[in-house]
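Undergrad: Could you work out the structure for the sequence below:
(2 chains)
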Amino acid sequence: MTFEFELLATDGNARAGVFHTPHGDIPTPVFAPVGTVASVKAVPPRDLVELNASLILSNTYHLHLRPGDELIRDMGGLHRFMAWDRPILTDSGGFQVFSLTKINKIDEDGVTFKSHIDGRQLRFTPEVSMQIQENLGADIIMCFDQCPPPTDRAVVENAVRRTHAWAQRCREAHSDDSVQALFGIVQGGIFPDLREESATFLQTLDFPGYAIGGLAVGETKPEMYATLDHTLPALPQNKPRYLMGVGDPDDLPEAVMRGIDIFDCVAPTRVARHGSALTPYGRINMRNREHARDDQPLDVTCDCYTCKTFSRAYLRHLVHAKELLAHQLLSVHNIRFLIRHMENMRQAIFDGNFKDYADSFLNRYLQRL
RNA sequence: GUGGGUGUAGCUCAAUGGCAGAGCAUCUGAUUGUGGUUCAGAGGGUUGUGGGUUCGAGCCCCAUCAUCCACC
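TA: Numbers count the residues shown, from 1 in each chain, chains lettered A, B, ... in the order given. The predicted structure is shown next:
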C-alpha cells in the first residue's frame, strides 16, 4: 500500500510515526509550511530542504485561478512545476471559497462564487475540486468541505450534514488512493456530539487519513483544545490525523499531546513578512527599538542560516528598510523554528518524556514561570 | 544693495482673529486550511525671535533673524 501510516511510538496520546508517500516518507508529527500559490513565500525549495521540511501545502482555489490547474498538469504536475520533489498536500478550496470571496452562494450541489482576482464567476463542486486536485497531482488531497464559524450550532449542524454529503461524493470521484491519498475532513464546530458524529461517519468512507477542520477560526484556545479532546478518540489509531491551519508554537504541543500528527499554518511565513520572529521565549517584534543595537542572533539555540549568520540589529534594519531579504531571513528562521519544534517533540515521544518537553516549552514560550 | 515670497510636529504641508491638525516618519500592539495586505493605538509643538493691536493672535501691525526667487 502506497500510503501506509506506521505508528512507531506513543507517549500518552502523543504519537510518533511515518507516513509513506510516492514522493518520500513524512516523519510525524510534522509541520507543513504553506505555499498557497505553489511558492512558500520568500523561501526557495533549496532552502526548504535545508530546513528539513518534509511536507508542504498548496492550494486548489488559488492555483485553479492562476495559473490554472490544467496548465500545471501540462507542465508536468505541481512537483515538477515548482521544483519540489518531496510530498505536497493540497487544500480543497473549501476554506478559501468562504473566507476569501464575499460573494458566494452555496447550495446542496456546490458553491458559486466570484474570483478575488478578476471577479469572474466560478463554481466549485466536490467533483470539480477532485478534478483540480488530480490535475495538480499532490500526494495528499483534501475533501471539499464547508467551514463555518464554529459556535453557531444551527449553522454548524447544516455544514456538517453538507460536508458529509460532499465527502461521499469526493470519495466516489476519487476512488483510487494508490497515487493520491484523499483525506476526509471532520467538522462540527465546538460541539462534542457533532464532532463525534462527524468523525464516526467519515470512517464509513474509509479514508487513508483524517483532518480536523473548522478550528482556529475564531473560537478560543481552550475551546479548540477541548474540541480536540472530544474528537481524537473517535478517529482510528492507524491513520494519520491532520489539524488544519494550526498553528501557533504553543498550539503544536497541545495538539500533539492529544494525538495530532500533521499540521500546517501560514503563521511562520506571515509573521515573518510582518516583521516578527518566533523564539523559545515567545514571539518578538523585530521592528522594536530594543533590537537596534543587539549584536546577538535571533535565537542562540537555533541552527538556521539566519541565526548562524546575522545579528538582531541587522534584521531589525532590514525590517525597517522594508527589504525583501527581511522576509526571506525571518521566514527561514520561523519555519526552521517550528520544524525543529516538531523534531524535538518526535524525539521526546520516542524517549518517553513528551510531557516534560511540552511543559518546559510552554512555560518558556508563554513566559509563565 | 533693491524688491518680493516663505518660516507651524523629524519631513511635506493644512488651519474665517475663537480648543493647533493631517499625511509620511518614529514608537507600541493585532493577524491560525496566506490578498507581501490592512487595522488599532501612542508619543511628538514656546506656530523662527522680540515687541505691539485686540476680550482673544499661527493669522493683523512693527522690528529682527533665517531662507528662497528676481533685479542690480
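Undergrad: which regions of the stretch 1-150 of chain A sit below the pLDDT cut-off?
TA: A:1, A:101-103 (pLDDT under 70).
Undergrad: what does it put close to RNA strand B?
TA: A:33-36, A:40-42, A:57, A:59, A:62, A:91-92, A:94-96, A:99-100, A:116-117, A:142, A:145, A:147 (CB under 7 Å from any atom of the strand). The way it works is simple: take the backbone N, C-alpha and C, and place the C-beta from them, glycine included.
Undergrad: Could you identify the buried members of the residues you listed?
TA: A:33-36, A:40-42, A:57, A:59, A:62, A:91-92, A:94-96, A:142, A:145, A:147 (16 or more other CB atoms under 10 Å).
Undergrad: From the residues you listed, which land in helices?
TA: A:62, A:94-96 (DSSP state H).
Undergrad: how close does whichever residue of the stretch 51-200 of chain A sits closest to RNA strand B sit to A:A292?
TA: Residue nearest to RNA strand B within the stretch 51-200 of chain A: A:C147 (2.4 Å; CB to the nearest atom of the strand). Separation of A:C147 from A:A292 (CB to CB, to the nearest Å) stands at 42 Å.
Undergrad: got the contact list for A:A326?
TA: A:272, A:275, A:286, A:315, A:318-319 (CB atoms under 8 Å, 6 or more residues apart in numbering).
Undergrad: Please apply the same query to A:Y210.
TA: Residues in contact with A:Y210, defined by CB under 8 Å, 6+ apart, are A:183-186, A:199, A:202-203, A:235-236, A:239-242.
Undergrad: hmm, who's touching stretch A:225-244?
TA: Taking CB under 8 Å, 6+ apart as the rule, stretch A:225-244 contacts A:5, A:7, A:13, A:17, A:19, A:28, A:91, A:95, A:183, A:185-186, A:188-190, A:192, A:195-196, A:199-200, A:203, A:207-213, A:215, A:219, A:254-255, A:258-264.
Undergrad: Endpoint to endpoint, it covers what distance?
TA: This stretch, stretch A:225-244, spans 14 Å end to end (CA to CA, to the nearest Å).
Undergrad: now stretch A:18-37
TA: 27 Å.
Undergrad: what's the offset of the helix or strand hosting A:Y225 from the middle of its chain?
TA: Using DSSP states H and E, A:Y225 sits within helix A:221-231. In this view, helix A:221-231 has its centroid 17 Å away from the chain centroid, taken as CA atoms, centre = their mean, to the nearest Å.
Undergrad: Walk me through which strands the next helix or strand after that helix pairs with, and which way each runs.
TA: Going down the chain from helix A:221-231, the next helix or strand is strand A:241-243, by DSSP H and E. Applying DSSP bridges, strand A:241-243 is found paired with strand A:210-212 (parallel), strand A:262-265 (parallel).
Undergrad: got a markdown table for those strands, with mean pLDDT and distance to RNA strand B too?
TA: Output for these, formatted as a markdown table (pLDDT from 0 to 100; distance: least, CB to the nearest atom of the strand, whole Å):
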| stretch | mean pLDDT | distance to RNA strand B |
| --- | --- | --- |
| strand A:210-212 | 97 | 7 |
| strand A:262-265 | 96 | 5 |
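Undergrad: most packed of these?
TA: Among the strands paired with strand A:241-243, ranked by average contacts under mean count of other CB atoms under 10 Å, first place goes to strand A:210-212 (a mean of 27).
Undergrad: can you give me how far the biggest helix by length in chain A is from the chain middle?
TA: Determined from DSSP H, the single longest helix within chain A is helix A:324-351. Here the centre of helix A:324-351 is set off from its chain's centre by 14 Å, with CA atoms, centre = their mean.
Undergrad: hmm, whichever helix or strand comes after it touching RNA strand B?
TA: Next helix or strand after helix A:324-351 toward the C-terminus (DSSP H and E): helix A:354-365. No: using CB under 7 Å from any atom of the strand, helix A:354-365 never reaches RNA strand B; the gap is at least 13.1 Å.
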